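Asks: Attaching a predicted model along with its sequence, questions to come.
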Amino acid sequence: MRIGIVCPYAWDIPGGVSAHVHDLAIALNRLGHEVSVLAPAENDEALPSFVQSSGKPRAVRYNGSVARLSFGPVTALRVSKWIEEGQFDVLHVHEPLAPSISVLACWSAKGPIVATWHSSMDRSRVLLSLVKLARTAMEKISARIAVSDAALTTLREHIGGDALIIPNGVDISSFDNAKPLEGWPGDGKALVFLGRVDEPRKGLEILINAYPAIRAKNPNIRLLIAGPGDCSELVSTLSTENAASVTQLGMIDDDQKATVLASGSLYIAPNTGGESFGIVLLEAMATGTPVVASNLAAFSRVLREGHAGMMFNNEDSSSLAAAVNKLLQDESAQQKLTAAGHARAAQFDWSIVAHQIVEVYESVRVEGTVVEPDLTGQMLGRLGKFRITPEREEIE
Amino acid sequence: MNTHSWQFIAFVATCVWYLSTQAGRLDRLHHRIDVAQAALDTHLARRAGIVAEIASSDAFDLVTAAMLAQSAHDALSSGELEEDHRREAESDLTNVLCAALDDVDELDLTDSVQRALMAELQQICGRVVMSHQFHTDAVTDCVKIRRQFLVKVLFLAGRAPMPKALDFQDQVPAALAK
């Protein structure tokens, strides 16, 4: 099958949706399908052969975090050209409510379209104005997938209707044999944090506030922070001695992710909200590192209400410190979580998830027809852009 | 021209623009229904084909095999999905399949060909359920617009018949629903 996948967020900056698209594309390829991905990209040369750039991304505050999206007349043209040349049996757009190439692709295509909803988000002004604009595009979508109950709720609230739930996948093979960084976690144990450090909802501040209490019980423990952004200000709130035990890696690439996750005695996920799934928890579990996570609904489901990982009260630093201290003292509990986490992660291997997604493709496509460019849609798409742009500047 | 006539022109232009977008939406929704129905039809034909193969493969006793063969034949030869007796035939096929496959433990599939056929049947039954659902979703979206006052009064949908959900039994037999 020829499959065209549209990723609305920048390809070269790590993020949940682009990671999902990357792994899905590779898993589909392994199943013998031809895949072409369209995504915004900073650097055209560094792209893998199956990815085409839709132009340079721009930073936009959206859904409580900084998203890198692309739009503009050049982008619109590239989208319709990609659809025309692709001759896809199925078009698969991701996060169609982001003001980006996903919605443009829906606008300018005609035929079997599958869409996947990733985020859970509250009703917001930006989104609602977009929903009205994008209604036409939404009406073209033949099959809807939500990655979680939370994402399904978002979909139901904003545009109505129903969707299949197919969870995110994890490429277990690239995580389960990961070697830790040289010298990590070490005798004094180590905690790992992974995520955008300058984004409040990723919760690094909760962890930093809990850190002194953890150090008090575990005087030789170290903290490894990986992810884009600068957190030196947060770290400087710690005492000199505590701050000295913090290592910042900055932005890491996908290959290093498994290594970093394997370098901790525990993986800490202090996220405060806006998470609809929590794939990084599964990745940490696949490397064998036990997970301590805030009790968000999405995390609780992934961790099977605490059977596959430890949970603490969201936004509560003392609860986090207590959970970490308790777990670090109990070697057998850690081993149990490692085993349970591993088994849980295996249920989400991409080979299983991609197969379910192919079944959706199969149920919407028609032999002998391909996704065609839609001229009226392209004109509407241009109209839409004029109205999105001021909205975007307003929120920047 | 005075202000009133400009206002009038602007009003008319807005109306025309609004009506043409509604017509465009209808066109796209009808297209989506057509695609969904074509997909559903393909899967149903494939399902009946596989059932016919299974019926002739010694996997079942004579009576069950005859029932399966007959209902597969009926489904394949009853015309279009819009027609009631075709959908009845599909429902019958689903019911016969469910009756034949209500307990997987009773089935003794030693033959690799039979196992392959059964795996294929499982896959296609899942696809039928999904594409049936997607068709119903498309119809719901379309009917919502078709019921709008202006759309009805101004015949924006032209002569296209009001789309209808295709009502028939599609559940996956218990032995395959895993």
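Replies: Noted; the coordinates are in hand.
Asks: Next up, phi/psi of A:Met310, please.
Replies: phi -90, psi 140 (degrees, to the nearest 10).
Asks: Quick check, pLDDT for it.
Replies: At A:Met310, the model reports a pLDDT of 90.
Asks: How many residues are close by A:Ser49?
Replies: 6 (other CB atoms under 10 Å in any protein chain shown). Yep, even glycine has a C-beta here, placed from its N, CA and C like the rest.
Asks: got it, and A:Gly72?
Replies: 14.
Asks: By mean pLDDT, point me to the weakest helix or strand of chain B.
Replies: Taking mean pLDDT, DSSP states H and E as the measure, chain B has helix B:149-153 as its least confident helix or strand, at a mean of 81.
Asks: what distance separates that one from the centre of its chain?
Replies: Taking CA atoms, centre = their mean, to the nearest Å, the mean C-alpha location of helix B:149-153 is offset from the chain mean by 27 Å.
Asks: part of a helix, is A:Phe193?
Replies: No: under DSSP: H, G, I helix; E, B strand; the rest coil, A:Phe193 falls outside any helix and is assigned strand.
Asks: Please name the nearest non-neighbouring residue to it.
Replies: Leaving aside its sequence neighbours, A:Phe193 sits nearest to A:Ile225 (CB to CB, 6 or more residues apart in numbering or on different chains; 4.9 Å).
Asks: what are the ranges of the helices in chain B?
Replies: Using DSSP state H, the helices of chain B run over residues B:3-55, B:62-76, B:84-100, B:112-146, B:149-153.
Asks: Strands of the stretch 201-350 of chain A, start to end?
Replies: A:222-226, A:246-250, A:266-269, A:291-294, A:310-312 (DSSP state E, counting those that start in this stretch).
Asks: For chain B, what lies in contact range of chain A?
Replies: Within chain B, the positions near chain A by CB under 8 Å from any CB of the partner chain are B:21, B:24-25, B:27-29, B:31-32, B:35-36, B:38-39, B:42-43, B:123, B:126-128, B:130-131, B:133-134, B:137-138, B:140-141.
Asks: hang on, the earlier thing: between the strands of the stretch 201-350 of chain A, which has the poorest average model confidence?
Replies: Averaging pLDDT over each of the strands of the stretch 201-350 of chain A puts strand A:246-250 lowest, since it has a mean of 86.
Asks: Pairing partners for it, with directions?
Replies: Counting by DSSP bridges, the strands paired with strand A:246-250 are strand A:222-226 (parallel).
Asks: Run through who's touching the partner strand.
Replies: A:181, A:184-186, A:188-194, A:197, A:204, A:207, A:211, A:231, A:235, A:245-252, A:256, A:260, A:263-264 (CB atoms under 8 Å, 6 or more residues apart in numbering or on different chains).
Asks: can you list the weak-confidence ranges in the chain?
Replies: Unless you meant another one, I'm taking chain A. Within chain A, the ranges that satisfy pLDDT under 70 run A:61-67, A:71, A:120-133, A:276, A:375-396.
Asks: You answered for a different chain; I wanted chain B.
Replies: In chain B (pLDDT under 70), the answer is B:1, B:103-109, B:178.
Asks: Run through the bridge partners of the residue nearest to A:Phe193.
Replies: According to DSSP bridges, beta-bridge pairing links A:Ile225 with A:Phe193, A:Gln248.
Asks: Next, find the distance separating it from A:Ala213.
Replies: For A:Ile225, the distance to A:Ala213 equals 18 Å [CB to CB, to the nearest Å].
Asks: now do B:Leu29
Replies: 58 Å.
Asks: what's the answer for B:Glu80, then?
Replies: B:Glu80 is 71 Å from A:Ala213, by CB to CB.
Asks: swap in A:Ala340?
Replies: 26 Å.
Asks: quick one: contacts for A:Lys326?
Replies: A:Met310.
Asks: Tell me which residue in chain A sits closest to chain B.
Replies: A:Ser363 (3.8 Å; CB to the nearest CB).
Asks: quick check, A:Ile145 in a helix?
Replies: No: under three-state DSSP, A:Ile145 falls outside any helix and is assigned strand.
Asks: Bridge partners for it, pull those for me.
Replies: As for beta bridges, A:Ile145 partners with A:Thr116, A:Leu164 under DSSP bridges.
Asks: Let me know how buried it is, in neighbour terms.
Replies: So A:Ile145, with other CB under 10 Å, has 23 neighbours.
Asks: need the residues of the stretch 151-300 of chain A near chain B, please.
Replies: Residues of the stretch 151-300 of chain A lying near chain B (CB under 8 Å from any CB): A:Gly161, A:Asp162, A:Leu164.
Asks: quick one: which of those has the most company?
Replies: A:Leu164 (19 neighbours).
Asks: Would you agree that residue is in contact with A:Ser148?
Replies: No: assessed by CB atoms under 8 Å, A:Leu164 is found out of contact with A:Ser148, at 11.8 Å.
Asks: picking that back up, residues near the residue of chain A closest to chain B, how many?
Replies: Applying other CB under 10 Å, we find 28 residues neighbouring A:Ser363.
Asks: Could you do B:Ala116 as well?
Replies: 11.
Asks: Spatially nearest residue to A:Glu275 (excluding sequence neighbours)?
Replies: Of all residues not flanking A:Glu275 in the chain, A:Ala298 sits nearest, at 5.0 Å (CB to CB, 6+ apart).
Asks: Please look at the one you found and A:Val280 and confirm they touch.
Replies: No: under the criterion of CB under 8 Å, A:Ala298 makes no contact with A:Val280, lying 11.6 Å away.
Asks: wait, what's in contact with B:Thr140?
Replies: Applying CB under 8 Å, 6+ apart, the residues near B:Thr140 are A:Gly161, B:Ala165.
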